[in-house]
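Chemist: My questions concern the predicted model and sequence given below.
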Amino acid sequence: MSTRPSAPAPATPAPGKLPLPELREMKLRGDKIVMVTAYDAPSARLADAAGIELILVGDTAAMVMLGYESTLPVTLDEMIFLVRAVTRTARRPLVIGDLPFGSYEVSDEQAVTSAIRMVKEGGADVVKLEGAGRMASRVRAIAEANIGVMAHVGLTPQSATKLGGFKAQGRSAEAAKKLYEDALALQDAGAFAIVLEAVPAKVAARISRALDVPTVGIGAGDGTDGQVLVWHDMLGMYERRTPRFVKRYAELAGDIGEALSQYAAEVRSGVFPAEQHTYAIPVDELQKFEASLATGH
């Protein structure tokens, strides 16, 4: 394992928060890290209660929460709004604010400014950005600003068009070597963890072994140090096509649809609300009320 430096420590987390260095300790112990992508206060509360270590407020909110066709249109202001909702109720998990497309690509200065806003206005503990190459400079700048930053390589949705669409990356020896080198460069730049998305399992495992910092996989096999899934995907709440690496642990869209249909039918038929769903007024008070209406005072 290499001896590359870790990211500078972020500001002291709130009491009860998972300390950022604990993630590296978990990697060393072989304890798997659990991350979920969620976007609102109720989801954050449930994830916290389930013992989830990391909550990513991802730019996938563009599609699953805000109705956009891709992640590209979502703005930094919109992301900060969602991060704020999550940080209100997530007590122990580290909350990761995803920097959306257009908020960090222009310069290191833009990246640091966006990261500061995400932490200061949104309350995020740390931030995440996509890509390698010149993005390593962005990671370094943010880390030197004393903000923890998670990197993301492999399939990076913000640049999916450039990558040839939403498909697995690193499937040739040359491409796998490039991912390996990119991950090391991002670690050198100060990333505290790296997401590996849609990467062949053996390649992801080899990269994970080479790094001192934890890797979190999504469609990258079980050789990474942790896993992440999108809330709406894993709970069956997003009915569009989902990637092959998604495992659905529930089918809530169907249950919600049935509940809404039953509710609508009961309202229209007069079944709801029933007496147990209403509030009573004492008989004498009702008589006084009616009398006051009859007399006009």
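Modeler: Received it, and whenever you're ready, just let me know what you need.

Chemist: Mind splitting this structure into its structural domains?
Modeler: If you go by automatic domain parsing, the domain ranges for the chain are 21-250, 254-295.

Chemist: give me the low-pLDDT residue ranges for the protein?
Modeler: The chain contains residues with pLDDT under 70 at 1-15, 157-167, 239, 241, 297.

Chemist: got the residue ranges for the helices in it?
Modeler: For the chain, the helices defined by DSSP state H occupy 21-29, 41-49, 61-64, 76-87, 108-120, 135-144, 160-163, 173-189, 201-210, 231-234, 252-269, 283-295.

Chemist: ok now do the residue nearest the centre of the chain, which residues does it touch?
Modeler: The chain has Leu56 as the residue nearest its centroid, 2.4 Å off, counting by C-alpha atoms, centre = their mean. Contact analysis of Leu56 by C-beta atoms under 8 Å, 6 or more residues apart in numbering lists Met35, Val36, Thr37, Ala38, Ile96, Asp98, Lys128, Val228. Yep, even glycine has a C-beta here, placed from its N, CA and C like the rest.

Chemist: deepest of the domains of the chain, which one?
Modeler: domain 21-250 (a mean of 20; mean count of other C-beta atoms under 10 Å).

Chemist: Just give me how far that domain sits from the chain centre.
Modeler: The chain centroid and the centroid of domain 21-250 are separated by 7 Å under C-alpha atoms, centre = their mean, to the nearest Å.

Chemist: Using PDB, list the CA coordinates for stretch 133-149.
Modeler: Below are the C-alpha coordinates for stretch 133-149, written out as PDB (Å, rounded to 0.1, in the frame of the first residue of the first chain):
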ATOM      1  CA  GLY A 133      -6.900  15.100 -15.000                       C
ATOM      2  CA  ARG A 134      -7.200  18.800 -14.400                       C
ATOM      3  CA  MET A 135      -9.800  18.100 -11.700                       C
ATOM      4  CA  ALA A 136      -7.000  17.000  -9.500                       C
ATOM      5  CA  SER A 137      -6.100  20.600  -9.300                       C
ATOM      6  CA  ARG A 138      -9.600  21.400  -8.100                       C
ATOM      7  CA  VAL A 139      -9.400  18.700  -5.500                       C
ATOM      8  CA  ARG A 140      -6.100  20.100  -4.200                       C
ATOM      9  CA  ALA A 141      -7.400  23.600  -4.000                       C
ATOM     10  CA  ILE A 142     -10.500  22.600  -2.100                       C
ATOM     11  CA  ALA A 143      -8.500  20.400   0.300                       C
ATOM     12  CA  GLU A 144      -6.100  23.200   0.900                       C
ATOM     13  CA  ALA A 145      -9.100  25.400   1.800                       C
ATOM     14  CA  ASN A 146      -9.600  22.900   4.700                       C
ATOM     15  CA  ILE A 147     -12.700  21.300   3.100                       C
ATOM     16  CA  GLY A 148     -12.800  17.500   2.700                       C
ATOM     17  CA  VAL A 149     -13.300  16.500  -0.800                       C
END
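
Chemist: can you start the count at 14 instead of 1 from here on
Modeler: Sounds good: first residue 14 from here, last item stretch 146-162.

Chemist: Run through who's touching it.
Modeler: For stretch 146-162, the surrounding residues in contact (C-beta under 8 Å, 6+ apart) are 20-24, 33, 117-118, 121-122, 124-125, 128-129, 132, 138-142, 164, 195, 198-199, 201-205.

Chemist: Please apply the same query to stretch 251-270.
Modeler: Counting by C-beta under 8 Å, 6+ apart, 76-77, 179, 211, 231-233, 242-243, 245-250 sit against stretch 251-270.

Chemist: same question, stretch 91-99
Modeler: 51-54, 56-57, 68, 70, 72, 74-75, 78-79, 108, 110-113, 116, 130-131, 134-137.
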